[in-house]
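1. would you be able to build a 3D model of this:
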Amino acid sequence: MCLFYTATLSFAKPPIQLAIVLDDLGNSKHDLQALKLPTQITFAVLPYTPFAKKLAKQAHSQNRELLLHMPMQAKIHNEKLGKGALMLNMQELVFKEELSKALHYFPGATAMNNHMGSTLTEHIEPMQWTMEVLNKQGLYFLDSRTSAQTIAQSTAQISGVPALRRHIFLDNIKTNKAMTEQLQQALEIGKNNLPVVIIAHPYPETIQFLRDNFTQQNQQFDLVPLHQLLSQSERLAIAKKRNEWQQAQNIIINHTKQTQ
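-> Now for the predicted structure:
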C-alpha cells in the first residue's frame with residue numbers, strides 16, 4: 001500500500017505555473033485596492049495617469065513586479081489611448097524618445113506590454129524600434145495579443161529580447177461565472193506543461209474575484225510573478241543588460257553634475 005502510494009506521487013504532475021498581470025492601472029483611485037491582492041500578481045501601469053506614480057511606488061515597496069503598460073495605436077478608439085501613445089506615423093527618433101520617456105517615468109519597471117495596439121503590433125518597423133529600446137535597457141516584453149495578427153512577440157525574439165504572450169483575458173465578461181470559466185480555460189492550457197499568462201483589469205468585480213480565488217495556496221497552480229515564466233538564462237541576460245544600462249546612466253548623470 002505504501003509503495004503504491006509512493007509510486008503514484010512520483011508521477012504526480014507539478015503545479016501549473018500561472019502569472020496574472022493586472023492591466024490598465026493608474027487612472028482611478030479605486031485602482032489602489034489592487035495593492036491588497038497577493039504580491040505575486042504583476043501590475044501593468046499606464047504612464048502619466050493620475051495614480052501611476054503612487055501605485056508604482058507602493059508596488060515597489062511590496063516587491064511586486066511592475067510593467068510599463070504602453071499605449072499603442074489601435075484600429076479603433078484611439079481617443080482612449082492617453083498621453084504618450086506610440087503611433088504608426090511617428091519617425092524613429094520621436095518614437096524611441098516617447099518610449100524612453102515612458103520607461104524613465106517608471107524606473108522600477110522590469111518589462112512592458114502593449115495597451116491597445118491592435119494596429120501598431122502588426123507592423124514590423126515600430127516593433128523593431130520598440131525592441132531596440134527594450135534590449136538596450138535590459139527589459140523584456142509581454143505581448144498582450146490585442147490582434148490575432150500581432151508580430152510583437154516574434155519580433156522581440158528575433159531582436160534578442162525575451163518575450164512572453166497573453167493566453168487568457170480573465171474579465172471580458174465581468175461575472176463570477178464567466179471569470180471562473182476563463183480561469184478553467186487557463187488551467188486547461190497549463191495541463192500541457194505550459195506556463196500560462198492571464199491578463200485582468202482593475203474592475204471591482206475582478207479584484208473581488210482575484211481576492212476570492214488567489215489569496216490561498218492552490219494545489220493546481222503556483223501563482224508567480226511574470227518574470228518567473230522566463231528561463232533562467234533569459235533572466236540572467238536581461239539582469240546583466242539592465243545593470244550595464246544603469247551604470248552607464250549613472251556615469252552620464254555624474255558627468256553632467258561635474259560640468260555644471
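2. any regions of the protein where pLDDT drops low?
-> 1-12, 255-257, 260 (pLDDT under 70).
3. quick one, strands of it?
-> All strands of the chain, identified by DSSP state E, fall at 16-25, 42-45, 66-72, 111-116, 140-143, 163-165, 168-169, 196-200, 221-223.
4. which strands or helices does the third one pack on?
-> Secondary structure elements in contact with strand 66-72, counted by 3 or more C-beta pairs under 8 Å, 6 or more residues apart in numbering; DSSP states H and E, are strand 16-25, strand 42-45, helix 52-61, helix 92-105, strand 111-116. From N, CA and C alone the C-beta is placed, and that goes for glycine too.
5. out of these, which is the most enclosed?
-> Greatest average neighbour count among these goes to strand 42-45 (a mean of 28), per mean count of other C-beta atoms under 10 Å.
6. distance from it to the middle of the chain?
-> A distance of 6 Å separates the C-alpha centroid of strand 42-45 from that of its chain, computed with C-alpha atoms, centre = their mean, to the nearest Å.
7. what does it rub up against?
-> Applying C-beta atoms under 8 Å, 6 or more residues apart in numbering, the external contacts of strand 42-45 come out as 19-26, 34, 52, 55-56, 59, 64-69, 106, 113, 115, 142, 199, 225-226.
8. now with 7 Å?
-> 19-23, 25-26, 34, 52, 55-56, 59, 64-67, 69, 106, 113, 225-226 (C-beta atoms under 7 Å, 6 or more residues apart in numbering).
9. and what of stretch 112-120?
-> Stretch 112-120 is contacted from outside by 21, 24, 44, 46, 67-75, 81, 86, 88, 121, 126, 134, 139, 141-142, 144, 146-147, 152, using C-beta under 7 Å, 6+ apart.
10. how about stretch 167-180?
-> With contacts defined as C-beta under 7 Å, 6+ apart, stretch 167-180 is touched by 182-183, 185-186, 189, 196-201, 203, 205-206, 209.
11. switch the cut-off to 10 Å
-> Here stretch 167-180 makes contact (C-beta atoms under 10 Å, 6 or more residues apart in numbering) with 18-23, 144-146, 181-190, 194-210, 212-213.
12. just the buried members of these?
-> Burial by neighbour count, judged by 16 or more other C-beta atoms under 10 Å, picks out 18-23, 144-146, 182-183, 186-187, 189-190, 195-202, 206-207, 209-210 from those.
13. turn the helices and strands packed on strand 66-72 into a markdown table, including distance to Ile251.
-> Written out in a markdown table, the entries for those read as follows (distance: least, C-beta to C-beta, whole Å):
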| stretch | distance to Ile251 |
| --- | --- |
| strand 16-25 | 33 |
| strand 42-45 | 28 |
| helix 52-61 | 24 |
| helix 92-105 | 16 |
| strand 111-116 | 25 |
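14. just the helices in this protein please.
-> Assigned helices in the chain, in chain order: 2-10, 52-61, 92-105, 124-137, 152-158, 176-190, 204-214, 232-259 (criterion: DSSP state H).
15. so what touches the third one?
-> By that I understand helix 92-105. Under the contact criterion C-beta under 10 Å, 6+ apart, helix 92-105 has outside partners 45-48, 52-53, 56, 68-72, 83-91, 109, 112, 120, 125-126, 128-130, 132-134, 136-137, 139, 249.
16. show the buried residues in these.
-> 45-47, 52, 56, 68-72, 85-87, 90, 109, 112, 120, 126, 129-130, 132-134, 137, 139.
17. what's the distance between the nearest residue to Tyr203 once chain neighbours are set aside and His201?
-> Taking C-beta to C-beta, 6 or more residues apart in numbering, and ignoring the residues beside it in sequence, Tyr203 has Lys174 as its nearest neighbour in space, at 5.4 Å. For Lys174, the distance to His201 (C-beta to C-beta, to the nearest Å) stands at 9 Å.
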